[in-house]
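Student: Pasting the sequence and the predicted coordinates here, then a few questions.
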Amino acid sequence: MRKTFMGVRLRRLREERGLTQVALADALELSASYLSQLEKNQRPLTVPVLLRLNAVFGVDVQLFSEGEEARLIADLRDALPDAGSGEAVSMAETRELAANMPAVGRALLSLHRRYRAAVDRAEAMAMRLGDDWQATAPPPMPYEEVRDFFYARHNHIAELDDAAEHLHAAAGLAAGVVNTGLADYLARRHGVRVAINAGDAAGEGVQRRYDPASRVLHLSAHLRPGQQAFQMATQLAFLEMGAALHRIADEAAFSGDEAQTLARIGLANYFAGALILPYGAFLRAAEALRYDIERLGRQFGVGFETICHRLSTLQRAGARGVPFFFVRVDRAGNMSKRQSATDFHFSRVGGTCPLWNVYEAFTQPGRVLTQLARMPDGRTYLWIARTVARGHGGYGAPGKTFAIGLGCDVRHAARLVYAKGLDLNDPEAATPIGVGCKVCERPACPQRAFPPIGRTLAIDAHRSRFAPYPVA
């Protein structure tokens, strides 16, 4: 097992609390010399010391986890090649920065995000020159702010999870028939009547519309029972959890009203998923069924995507599920959802990897595909992918199809039914993939779509290679 050296983080924790080495050593029941060795990285941080830190100071042990460090490394590996310095930053240097100076690493990521926003604004201005030019360039996209908000919290909002689980029990809801229970609860507690409209809830494609004056919640007849439950639970979040939704969104300090509103909607959707799939009962079922998504869907009466999304949120302290990465993509490779409880990371620069099985899912609609995928840093993941399709009208009406991907580190794979028949210990069984072509470190990949950022190409008019964009 890899030894964990976290001296700088431990020293920073002590300084933030205004403690001397002797005072902290006394609080942790350690000798001052042993604590000094920990802070100087002369000794690894042990589990008993981590537990003592948690007991005495209430410190989340994830602050000292390898997973948290790996997330920071992944983000830095994405950002640093895009800085344009012309100087390569080695993996060893990146690991050193993430392990010993995580605050500096996060500051660099913040600067990189501002840099990317400035580049995007400059490109937007250039595109508008000669057209209806306005002096104010558009701000960064609000949905990206909201996506990063959930990503930074490992896709787990403990306050909403706890409140939803409590409400599930108080309302007497039952798995698989939550829609009828929620309709009764809305009427009894809030005087809200649920009306299932013959067509859309209101206008083309509207699934839910709430009329505060008449206290009627209109739902589209095209929704399945599980989808009805989700829409009712979302509306219930605004009715009962409105103050909490506003407070959590306000604390995030979003750039504008649009991002704040999107965040509140995202938080309401989170609450809805937690209400339909209450944490304790859902985690127990997931473990008992070895995370079989389709069996979980039948038990709780919801669809494949809803189960996958909920599985990516099971990170309650003291009762964690498998840490999953959840993603939803379309045929063109656009990533409309990306939530992570793990350290897996796809690039924000230049798309994702075409060798990833989530794209193969479109060639086999409705079938669950599995893949062992190895990243350039050597980490291997088990990925599950399947398409989902939706419609809202009759014949000829446009619908939408997505591929859903759910992945976890290979060390958790044995807990999943999807590991059956896979050789988890054979490194050659894994498909080598990357975070995205522009930042991928695999020089000989025949599927590469873009040259790597910051690398000089080996351009030779007298030679042609099978793999495009050879690096000098």
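Tutor: Here it is on my side, so go on.
Student: Residue 402 in helix, strand or coil?
Tutor: Secondary structure for residue 402, judged by DSSP: H, G, I helix; E, B strand; the rest coil, is strand.
Student: Which residue, neighbours along the chain excluded, lies closest to it?
Tutor: Using Cβ to Cβ, 6 or more residues apart in numbering and skipping the chain neighbours, the partner closest in space to residue 402 is residue 328 (5.0 Å). Placement of C-beta: from N, CA and C, glycine included.
Student: check contacts around the one you found.
Tutor: 305, 335-338, 402-405 (Cβ atoms under 8 Å, 6 or more residues apart in numbering).
Student: Any quick ChimeraX command for the buried ones out of those residues?
Tutor: Buried residues within those, by 16 or more other Cβ atoms under 10 Å, are selected in ChimeraX with:
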select :305,335,337,338,402,403,404,405
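Student: what residues go with each domain of this protein?
Tutor: Annotated domains of the chain cover 7-64, 67-128, 158-276, 325-432 [automatic domain parsing].
Student: how about the ones you listed in CSV, adding mean pLDDT?
Tutor: Formatted as CSV, the domains of the chain follow (pLDDT from 0 to 100):
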stretch, mean pLDDT
domain 7-64, 78
domain 67-128, 73
domain 158-276, 91
domain 325-432, 86
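Student: who wins for proximity to residue 456 among those?
Tutor: Across the domains of the chain, residue 456 has its closest neighbour in domain 67-128 (9.7 Å, Cβ to Cβ).
Student: re the thing from before, restricting to C-alpha, output the strand or helix carrying the residue nearest to residue 402 in PDB.
Tutor: Applying DSSP states H and E as the criterion places residue 328 in strand 325-329. What follows is strand 325-329, C-alpha atoms only, in PDB (Å, rounded to 0.1, in the frame of the first residue of the first chain):
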ATOM      1  CA  PHE A 325     -18.100   9.000 -12.200                       C
ATOM      2  CA  PHE A 326     -21.300   9.700 -14.100                       C
ATOM      3  CA  VAL A 327     -21.500  11.100 -17.600                       C
ATOM      4  CA  ARG A 328     -24.100  11.600 -20.300                       C
ATOM      5  CA  VAL A 329     -23.100  12.200 -23.900                       C
END
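Student: what's the next secondary structure element after it?
Tutor: Following strand 325-329 in sequence, per DSSP H and E, is strand 335-340.
Student: Residue 305: helix or strand, and which one exactly?
Tutor: If you go by DSSP H and E, residue 305 is part of helix 304-311.
Student: What angle do strand 335-340 and that helix make with each other?
Tutor: On the basis of axes from the mean of the first three to the mean of the last three Cα atoms, to 10 degrees, helix 304-311 is oriented at 30 degrees to strand 335-340.
Student: quick one on the thing from earlier: I'd like the domains of the chain written out as CSV, with distance to residue 446 added.
Tutor: Below are those laid out as CSV (distance: least, Cβ to Cβ, whole Å):
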stretch, distance to residue 446
domain 7-64, 39
domain 67-128, 21
domain 158-276, 38
domain 325-432, 10
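Student: from the contacts of residue 328, which single one is nearest residue 36?
Tutor: The closest of the contacts of residue 328, once distances to residue 36 are taken by Cβ to Cβ, is residue 338, at 42.2 Å.
Student: unless I'm mixing things up, the closest one is touching residue 155, no?
Tutor: No - the criterion here is Cβ atoms under 8 Å, and residue 338 misses it with residue 155 at 9.5 Å.
Student: anything in contact with each of the two?
Tutor: Residues within reach of residue 338 and of residue 155 at once, by Cβ under 8 Å, 6+ apart, are residue 326.
Student: what about the nearest residue to residue 360 once chain neighbours are set aside, how many neighbours?
Tutor: Spatial nearest neighbour of residue 360, excluding adjacent residues (Cβ to Cβ, 6+ apart): residue 369 at 6.0 Å. Applying other Cβ atoms under 10 Å, we find 18 residues neighbouring residue 369.
Student: Just the buried residues of the one helix or strand residue 159 maps to, please?
Tutor: Counting by DSSP H and E, the element that carries residue 159 is helix 158-170. The neighbour-count check on helix 158-170 (16+ other Cβ under 10 Å) flags 160-161, 163-165, 167-168 as buried.
Student: same deal with stretch 248-259?
Tutor: Within stretch 248-259, the residues scored as buried using 16+ other Cβ under 10 Å are 248-249, 252, 254, 259.
Student: Extract the C-alpha trace of it and format it as PDB.
Tutor: What follows is stretch 248-259, C-alpha atoms only, in PDB (Å, rounded to 0.1, in the frame of the first residue of the first chain):
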ATOM      1  CA  ILE A 248     -26.600  26.800  -0.600                       C
ATOM      2  CA  ALA A 249     -26.600  28.600  -3.900                       C
ATOM      3  CA  ASP A 250     -25.900  32.000  -2.300                       C
ATOM      4  CA  GLU A 251     -22.900  30.500  -0.400                       C
ATOM      5  CA  ALA A 252     -21.400  29.400  -3.700                       C
ATOM      6  CA  ALA A 253     -21.000  33.000  -4.900                       C
ATOM      7  CA  PHE A 254     -22.000  32.400  -8.500                       C
ATOM      8  CA  SER A 255     -21.300  35.100 -11.100                       C
ATOM      9  CA  GLY A 256     -24.900  36.100 -11.800                       C
ATOM     10  CA  ASP A 257     -28.600  35.400 -11.300                       C
ATOM     11  CA  GLU A 258     -28.800  32.900 -14.200                       C
ATOM     12  CA  ALA A 259     -26.100  30.600 -12.600                       C
END
